[in-house]
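Chemist: Compute the structure for the input listed below.
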Amino acid sequence: MSNMTINSYIHQIGNAWEDCDGDRVAELLSLQDPHVLSSRLSEDEPQDVVGDSLESPLSEMVIFHLKVVKELNTQSFNKALNLQCQFGQFFCKVFQSQKDENWGLTLMEKLVEDLRKIALSVQQFDEPDERSSEEHAPTGMEKAADVIMALFRVCAADTRTQEHNTKRWGMMILVNHLFKIYFRINRLQLCKPLIRAIEQQSFKDQFPREQMVTYKYYVGRKAMFDSEFHEADDCLTYAFYHASTLENKKKILTYLTPVKMFLGFLPTDEALKKYDLIEFGHVAEALKDGNIFKFKAALEKSEAKFIKAGVYLILEKLHMTLYRNLFKKVCLIYKNHQVPINVLTAALKWAGHEDIDTDETHCIVANLICDGQIRGYISHQHQVVVVAKQNSFPKVSSIEHELR
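Modeler: Take a look at the predicted model:
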């Protein structure tokens with residue numbers, strides 16, 4: 001394959017197209033296939049030889065593909081991206097014209113995967129210079145997203161075709177690529193209509209498992225950032241148990257662990273060691289003890305890792321659960337359902353909140369009561385917190401959370 005001639009290539013892809021062999025056509029138009037390594041395919045003007053041998057629309061797609069390969073061989077990522085975008089736009093029209101059939105889905109998947117990877121290369125190597133000279137121009141990722149969204153609309157609009165032939169089977173793979181782009185460029189608000197479109201499909205649970213895992217992973221992450229922790233738990237748990245590799249399970253646990261902490265479930269040392277996520281163990285230990293000093297130290301120690309993963313700010317919001325656990329211990333030690341505010345203030349200072357005063361303690365307790373993490377009220381006249389005699393500190397898992 002790495003020594004394939006242009007004539008052999010044209011012959012193979014022509015036959016595959018005539019046979020409606022979507023898998024083979026996708027291979028021969030994919031940048032991941034070994035044929036791209038053949039120097040014999042690097043024609044200066046591929047349209048001359050291709051145009052004489054193949055008919056439209058295949059000839060145009062092959063020309064786009066060979067031009068992209070040529071630009072990538074010289075690491076001209078911007079030119080390659082523009083050509084791949086044109087390829088995608090052209091294919092979108094061809095795909096839309098194919099009524100009552102979806103054999104082009106495999107080609108669409110390969111084309112979109114290549115498009116996103118080229119856009120990633122542009123972002124890593126070429127984009128800073130481009131953005132400095134043309135600040136308002138769309139980024140490579142945004143260009144790729146526009147093409148993928150156009151394909152998504154074609155798939156989503158194919159509602160009259162019978163289910164086994166509908167192009168809607170391609171919706172989830174496109175949504176997953178858009179998720180990857182939107183998370184990378186921090187445009188999470190654009191995910192919501194995509195999620196709604198998938199959830200409206202009657203066969204939403206019948207997509208390939210690999211696609212479902214990726215989908216649930218990103219939906220879970222978005223739910224976490226939106227403070228919808230029960231939904232995040234459901235999605236990320238599904239992704240974790242159905243992920244096929246240790247690396248993917250570790251990636252999922254990076255977000256599932258903070259979500260579980262918000263819901264009152266702390267990770268085991270065994271699980272954290274298995275997936276090399278020991279840094280969460282220090283946070284969980286401090287959280288369980290209600291030790292503010294240890295909690296801050298755990299966050300500072302692994303700050304770079306948490307920031308890179310995008311969970312640092314989420315973990316910081318666990319402060320309220322930290323205070324709840326500390327106050328619960330104080331109440332157990334005090335053995336009274338009426339606890340003076342100054343006792344709670346002293347406990348906060350002992351746990352590492354050295355500069356706190358009574359007014360701040362009032363605010364913390366009021367927020368905990370408002371969130372449902374403490375059942376009781378503050379008696380301002382007597383400067384005490386009166387907690388319920390039964391279930392004064394409800395299980396964290398039973399509380400609907402709001403990030404403050």
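
Chemist: Going by C-alpha atoms from here, please, whenever you check contacts or count neighbours.
Modeler: OK.

Chemist: now the strands: where do they sit in the chain?
Modeler: Ranges of strands within the chain are 338-340, 376-379, 384-387, based on DSSP state E.

Chemist: any chance of the ones you listed in JSON lines, plus distance to residue 263, mean neighbour count and mean pLDDT?
Modeler: Converted to JSON lines, the strands of the chain look like this (distance: least, C-alpha to C-alpha, whole Å; neighbours: other C-alpha atoms under 10 Å; pLDDT from 0 to 100):
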{"stretch": "strand 338-340", "distance to residue 263": "26", "mean neighbour count": "18", "mean pLDDT": "91"}
{"stretch": "strand 376-379", "distance to residue 263": "21", "mean neighbour count": "17", "mean pLDDT": "92"}
{"stretch": "strand 384-387", "distance to residue 263": "22", "mean neighbour count": "19", "mean pLDDT": "91"}
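
Chemist: Stretch 271-286: which residues count as buried?
Modeler: 272, 277-286 (16 or more other C-alpha atoms under 10 Å).

Chemist: likewise stretch 67-76?
Modeler: 67-72, 76.

Chemist: Just name the closest of those residues to residue 198, please.
Modeler: Nearest to residue 198 among the buried residues of stretch 67-76 is residue 68, at 31.8 Å by C-alpha to C-alpha.

Chemist: Apart from its chain neighbours, what residue comes closest to that closest one?
Modeler: Closest residue to residue 68 apart from its sequence neighbours, by C-alpha to C-alpha, 6 or more residues apart in numbering: residue 80 at 4.9 Å.

Chemist: residues contacting that neighbour?
Modeler: Neighbour list for residue 80: 67-69, 71-72, 118 [criterion: C-alpha atoms under 8 Å, 6 or more residues apart in numbering].

Chemist: cutoff 10 Å now
Modeler: Taking C-alpha atoms under 10 Å, 6 or more residues apart in numbering, we find residue 80 in contact with 64-65, 67-74, 86, 115, 118-119, 122.

Chemist: Show me how the chain divides into domains.
Modeler: Here the domain parsing of the chain from automatic domain parsing is 6-202, 208-317, 329-398.

Chemist: Look up how far residue 154 lies from residue 62.
Modeler: 22 Å (C-alpha to C-alpha, to the nearest Å).

Chemist: Those two - which one has more neighbours?
Modeler: For residue 62 and residue 154, the more surrounded residue by other C-alpha atoms under 10 Å is residue 62, and the numbers stand at 24 against 19.

Chemist: hang on, the more buried one packs against residue 11?
Modeler: No. Residue 62 is beyond contact range of residue 11, at 11.8 Å (criterion: C-alpha atoms under 10 Å).

Chemist: joint contacts of these two?
Modeler: Taking C-alpha under 10 Å, 6+ apart as the contact rule, residue 62 and residue 11 both touch residue 54.

Chemist: what's the offset of stretch 66-78 from the middle of its chain?
Modeler: Distance of stretch 66-78 from its chain centroid, counting by C-alpha atoms, centre = their mean, to the nearest Å, is 29 Å.

Chemist: May I have it exported as CSV, CA atoms only?
Modeler: Only the C-alpha atoms of stretch 66-78 are listed here, as CSV (Å, rounded to 0.1, in the frame of the first residue of the first chain):
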residue,chain,number,x,y,z
LEU,A,66,-4.7,13.9,-2.8
LYS,A,67,-4.2,17.6,-2.3
VAL,A,68,-4.6,17.3,1.4
VAL,A,69,-2.1,14.5,1.5
LYS,A,70,0.4,16.6,-0.4
GLU,A,71,0.0,19.6,1.9
LEU,A,72,0.4,17.4,5.0
ASN,A,73,3.6,15.9,3.6
THR,A,74,5.1,19.4,3.8
GLN,A,75,3.4,20.2,7.1
SER,A,76,1.3,22.9,5.6
PHE,A,77,-1.5,22.4,8.1
ASN,A,78,-3.5,25.5,7.3
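
Chemist: pLDDT of it, averaged?
Modeler: Mean pLDDT, stretch 66-78: 92.

Chemist: if I look at residue 306, how far off is residue 27?
Modeler: 39 Å.

Chemist: burial measure for residue 324, as a count.
Modeler: Number of residues near residue 324 (other C-alpha under 10 Å) recorded here: 23.

Chemist: That one touches residue 374, doesn't it?
Modeler: Yes. Here residue 324 lies in contact with residue 374, judged by C-alpha under 10 Å, at a distance of 7.4 Å.

Chemist: Please enumerate the helices of the stretch 51-200 of the chain.
Modeler: Applying DSSP state H, counting those that start in this stretch to the stretch 51-200 of the chain gives helices spanning 58-73, 77-97, 105-121, 127-133, 140-156, 171-184, 191-199.

Chemist: I'd like the distance between the closest residue to residue 190 other than its chain neighbours and residue 188.
Modeler: Using C-alpha to C-alpha, 6+ apart and skipping the chain neighbours, the partner closest in space to residue 190 is residue 182 (7.2 Å). Separation of residue 182 from residue 188 (C-alpha to C-alpha) stands at 6 Å.

Chemist: who's more crowded, these two?
Modeler: Taking other C-alpha under 10 Å, residue 182 and residue 188 do not tie; residue 182 has more neighbours (18 against 15).

Chemist: tell me which residues in stretch 31-51 are buried?
Modeler: 31, 35-37, 41-43, 46-47, 50.

Chemist: quick revisit: relative to residue 222, which of the contacts of residue 80 is nearest.
Modeler: The closest of the contacts of residue 80, once distances to residue 222 are taken by C-alpha to C-alpha, is residue 119, at 22.6 Å.

Chemist: tell me the pLDDT at that closest one?
Modeler: Predicted confidence (pLDDT) for residue 119: 95.

Chemist: and what of residue 178?
Modeler: Reading off the model, residue 178 has pLDDT 97.

Chemist: Tell me the one of the buried residues of stretch 31-51 nearest residue 229?
Modeler: Using C-alpha to C-alpha, residue 31 comes nearest to residue 229 of the buried residues of stretch 31-51, at 39.2 Å.

Chemist: so how far is residue 140 from that closest one?
Modeler: Noted for residue 31: a distance of 18 Å to residue 140, by C-alpha to C-alpha.

Chemist: repeat for residue 349
Modeler: With C-alpha to C-alpha as the criterion, residue 349 and residue 140 are 51 Å apart.

Chemist: so residue 197 makes contact with residue 156?
Modeler: Yes. Because the distance of 7.9 Å satisfies C-alpha under 10 Å, residue 197 is recorded as touching residue 156.
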